[in-house]
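*Asks:* predicted model, plus sequence, below.
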Amino acid sequence: MSAHAVPIVKYHGTGNDFLVVDAAARVPDRAAFARAHCDRETGVSAAARVEPTGPEAETNVADTTNGRRGADGVLFVSVEARYTPTRVVMTLVQPDGSTADMCGNGARVVARWAHDRTGDHEFMIDTQAGTRRATVSADGREATIEMGVPRFDPRAVPVDADAPLVETPVEALTVTAVDTGVPHAVAFVESEEIDDVALESVAPPVRHASVFPEGANVNLAAIRETEAGSSPIIDQRTFERGVEGETRSCGTGAVAVVAAARRLGLIDDETAVTRPPGGELTITAPAGERATLTGPVAREYTGRVPAVPR
């Protein structure tokens, strides 16, 4: 290991896993750091652990992310405790070295990290997509993040079109485009089909389609039958730009899926549950108002990794 090692804490929100690094740490090249340590074949593993998982952790690594190497990104975070609520600044660097303006599950992880640091339960989180209010449950195991207002305006997403992209064929999918801090393309399929779609094949042409000048995350969604009086349940799979692959969960994608379902009249309720592969998320998305994203967050382990990867 390099003589200069950086402390990390690994968390995940419904399987969407991140390394959290204090922004004050000396990391000369954040993009190279993320590319090396997030790699699913050669990146960080539980071998980086320098102390047993603390008593506040809910499970062990095998139980949370199946002992996977790497991560879905690195969150560089700083705490500004002089503000009320405590202000937290986050920057997400993705596995390809790019930065993302917003990440719903990442912001929830940041809230949990800040809670573990300060004991506070309410935070204002500064992201590149704006400031978002976050709360952490009394036991610290669940976090809610305010997600802003989902936007379909073509300039906001953005899409190269004069009108919103709604149920429009793009490559092999029929998609609705929505901005939830980052651009998303949402395609609804039948519930019995969603697991059979080869997302790693059909998503990249949409992700790179010319109609999305900044690229797009690609979501498959399927409305499940629910009992009367229950919140709608939507199965979700997401191919994330920057990760360039399918993730076990995507918070901005979950909000995009619910917002698109409401826009298309597929659901009437303001609150819905999405079920990505990594768990369950609850989204409230009133029309024209700020959405919220709620779900569990688990701390996996603390460790140290080289600041300058070889």
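*Replies:* Now that the structure is in, tell me what you want to look at.
*Asks:* where does V206 sit, in terms of helix or strand?
*Replies:* V206 belongs to helix 199-207 when assigned by DSSP states H and E.
*Asks:* my read: T292 touches I283, true?
*Replies:* Yes - counting by Cβ atoms under 8 Å, T292 touches I283, with 7.0 Å between them. No exception for glycine: its C-beta is placed from N, CA and C like everyone else's.
*Asks:* and the helix holding V206, average pLDDT?
*Replies:* For helix 199-207, the mean per-residue pLDDT is 98.
*Asks:* distance from the chain centre to it, please.
*Replies:* Centroid separation for helix 199-207 versus its chain: 18 Å, with Cα atoms, centre = their mean, to the nearest Å.
*Asks:* ditto for stretch 226-246
*Replies:* Mean-position distance between stretch 226-246 and its chain equals 12 Å (Cα atoms, centre = their mean).
*Asks:* mind listing what's buried along it?
*Replies:* Neighbour counts over stretch 226-246 (16 or more other Cβ atoms under 10 Å) mark 232-243, 245-246 as buried.
*Asks:* and those residues as CSV, adding distance to P296?
*Replies:* Converted to CSV, the buried residues of stretch 226-246 look like this (distance: Cβ to Cβ, whole Å):
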residue, distance to P296
P232, 20
I233, 17
I234, 18
D235, 18
Q236, 16
R237, 19
T238, 18
F239, 23
E240, 20
R241, 25
G242, 23
V243, 21
G245, 23
E246, 20
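*Asks:* which of those residues sit farthest apart?
*Replies:* Spatially, the most separated pair among the buried residues of stretch 226-246 is P232 and G242, at 28.7 Å (Cβ to Cβ).
*Asks:* okay, helices next: where are they in the stretch 201-310 of the chain?
*Replies:* For the stretch 201-310 of the chain, the helices defined by DSSP state H, counting those that start in this stretch cover 251-263.
*Asks:* what's the answer for the stretch 1-150 of the chain, then?
*Replies:* Ranges of helices within the stretch 1-150 of the chain are 30-38, 61-65, 104-118, based on DSSP H, counting those that start in this stretch.
*Asks:* just name the most buried of these.
*Replies:* helix 104-118 (a mean of 27; mean count of other Cβ atoms under 10 Å).
*Asks:* any idea how far it is from the chain center?
*Replies:* Distance of helix 104-118 from the chain centroid (Cα atoms, centre = their mean) equals 12 Å.
*Asks:* how about low-confidence regions in the stretch 1-150 of the chain?
*Replies:* Counting by pLDDT under 70, the stretch 1-150 of the chain shows low-confidence ranges at 1-3, 51-66.
*Asks:* quick one: mean pLDDT over stretch 290-304.
*Replies:* Here the average pLDDT along stretch 290-304 is 96.
*Asks:* check which residues of it are buried.
*Replies:* Using 16+ other Cβ under 10 Å as the test for burial, stretch 290-304 gives 291-303.
*Asks:* cool, and stretch 267-278?
*Replies:* Buried residues in stretch 267-278, defined by neighbour count with 16+ other Cβ under 10 Å: I267, A272, V273, T274, R275, P276, G278.
*Asks:* can I get that stretch in PDB, CA atoms only?
*Replies:* Extracted in PDB, the C-alpha atoms of stretch 267-278 (Å, rounded to 0.1, in the frame of the first residue of the first chain):
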ATOM      1  CA  ILE A 267     -50.700   5.800 -11.300                       C
ATOM      2  CA  ASP A 268     -52.800   8.400  -9.500                       C
ATOM      3  CA  ASP A 269     -51.200   8.400  -6.100                       C
ATOM      4  CA  GLU A 270     -48.600  10.900  -5.000                       C
ATOM      5  CA  THR A 271     -46.700   8.200  -3.100                       C
ATOM      6  CA  ALA A 272     -45.400   5.000  -4.600                       C
ATOM      7  CA  VAL A 273     -42.900   2.300  -3.800                       C
ATOM      8  CA  THR A 274     -40.200   1.300  -6.200                       C
ATOM      9  CA  ARG A 275     -38.400  -2.000  -6.000                       C
ATOM     10  CA  PRO A 276     -35.000  -2.000  -7.700                       C
ATOM     11  CA  PRO A 277     -32.900  -5.200  -7.200                       C
ATOM     12  CA  GLY A 278     -31.300  -3.900  -4.100                       C
END
